[in-house]
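Visitor: Pasting the sequence and the predicted model now:
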Amino acid sequence: MSRIYVLHENEEWVLPLRAAFEAQDLPYREWFLDEARVALDRLPPEGVYYNRMSASSHTRGHRFAPEATRATLQWLELHGRRTVNGSRAIALEVDKLGQYAALQAAGIATPRTVATVGREQVLAAAREFGEWPLILKPNRGGKGLGVRLVHSSAAVEEALDDPAAAPLDGIWLVQQYVAAPEPFITRLEFVGGRFHYAVRVDTSEGFELCPADACELPGQLLPEGAACPAGAAGANGGLSKFSIVYGFRHALIARLERFLAAHGIEVAGVEFIVDRHGQAFVYDVNTNTNYNGDAEARASAANPAFEGGMARLARFLGEQLEGLRADEAA
């Protein structure tokens, strides 16, 4: 019997999805892909395959899980299986520079970014910007890991001297710091390629903005040494760092829906910031998106019709499975 398959490497991030599957009585199975063996001539089981692999898998000891998942997705696609966030999606998940190039090609503004390989190139790029502060980030990170706000060349050198900060692919991104009038960014959640809801995220205490309820990082690179702020109190009057915005509208939504469709991305969290001139800059596309339980609970209490991200995702995957079974029956 066809079922839903979830490809992942982090059990904690799958727990809310399991609960949503069980609440909706959907058949599913998990494929834990910290390792893989892919034989192209073997047929995969029939079903709907949801890629929930993360660029931050290396922080949990699963260094090559994204590569294992990409190989698996290519095998599934070869045999015509229904994949959600397939091989093109995971290619962008682990490549921020690729995200920026694709966004700019779609006419979506991103912060000015210079990709660098080699210590001297990083330092030269930072000097050539001609303004401080700057953002220094790894091309492949995840959860905001390794992102630093640097105010001088000395601070850049300090970051480069930290072996824990080295990007997995060797590419450092030197990026324009977008000064916002208020310390927050907006995260747009998309399910099934359509906008679901917006989240306002307090950035007053750092850049590590993973919204998962269970999200802690070893080897923190921010000066304060704080952990991922999911569910923590921030500068917004003691509320959670994550707050769902009701009735959110923005011109970016339709453009991002078209962008996601063009790149085979059906589930995503897209983050953007607005500068003091009102210009919006998209700086991250998360194809392994998480949802903050506290923010969703408050939204549900305020509006009984509110549907949480995992519930909507499970319903979408169930709809895909129903369509597949209808095709099989025909």
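Guide: Here it is on my side, so go on.

Visitor: okay, CA-based contacts and neighbour counts for the rest of this
Guide: Fine.

Visitor: need the strands for the chain, in chain order.
Guide: Residue ranges of the strands in the chain, as given by DSSP state E, are 3-8, 28-32, 47-51, 82-84, 113-116, 134-138, 148-150, 172-176, 184-191, 194-202, 242-245, 267-274, 280-286.

Visitor: Identify the residues contacting the longest helix along the chain?
Guide: Using DSSP state H, we find that the single longest helix of the chain is helix 309-329. With C-alpha atoms under 8 Å, 6 or more residues apart in numbering as the test, helix 309-329 has contacts from 2-4, 16-17, 20-21, 24, 26, 47-48, 50, 189, 191-192, 196, 291.

Visitor: Which ChimeraX command selects the buried ones in those?
Guide: Selection of the buried residues among the contacts of helix 309-329 in ChimeraX, burial being defined by 16 or more other C-alpha atoms under 10 Å:
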select :3,4,16,17,20,21,26,47,48,50,189,191,192,196,291
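
Visitor: quick one, what contacts the closest residue to Ala71 other than its chain neighbours?
Guide: If the residues on either side of it in the chain are set aside, Ala71 comes closest to Val38, at 7.0 Å by C-alpha to C-alpha, 6 or more residues apart in numbering. Residues near Val38 by C-alpha under 8 Å, 6+ apart: 71-72, 75.

Visitor: can you tell me which of these are in helices?
Guide: Secondary structure from DSSP H places 71-72, 75 of the contacts of Val38 in helices.

Visitor: Return the member of those nearest to Leu168.
Guide: Ala71 (18.7 Å; C-alpha to C-alpha).

Visitor: Distance check, the closest one against Arg52.
Guide: 14 Å (C-alpha to C-alpha, to the nearest Å).

Visitor: Between these two, tell me which one has more neighbours.
Guide: Taking other C-alpha atoms under 10 Å, Ala71 and Arg52 do not tie; Arg52 has more neighbours (23 against 18).

Visitor: Now do the contacts for the more buried one.
Guide: Arg52 neighbours (C-alpha under 8 Å, 6+ apart): 6-8, 287-288.

Visitor: related to what we said a few turns ago, tell me which of the strands of the chain sits nearest to Glu158.
Guide: Using C-alpha to C-alpha, the strands of the chain put strand 148-150 closest to Glu158, at 9.6 Å.

Visitor: Show me what that closest one pairs with in its sheet, parallel or antiparallel.
Guide: Strands that pair with strand 148-150, judged by DSSP bridges, come out as strand 134-138 (antiparallel).

Visitor: tilt between the strand it pairs with and strand 172-176?
Guide: 150 degrees (axes from the mean of the first three to the mean of the last three C-alpha atoms, to 10 degrees).

Visitor: Show residues contacting strand 134-138.
Guide: For strand 134-138, contacts defined as C-alpha under 8 Å, 6+ apart pick out 126, 146-151, 156, 165-168, 170-177.
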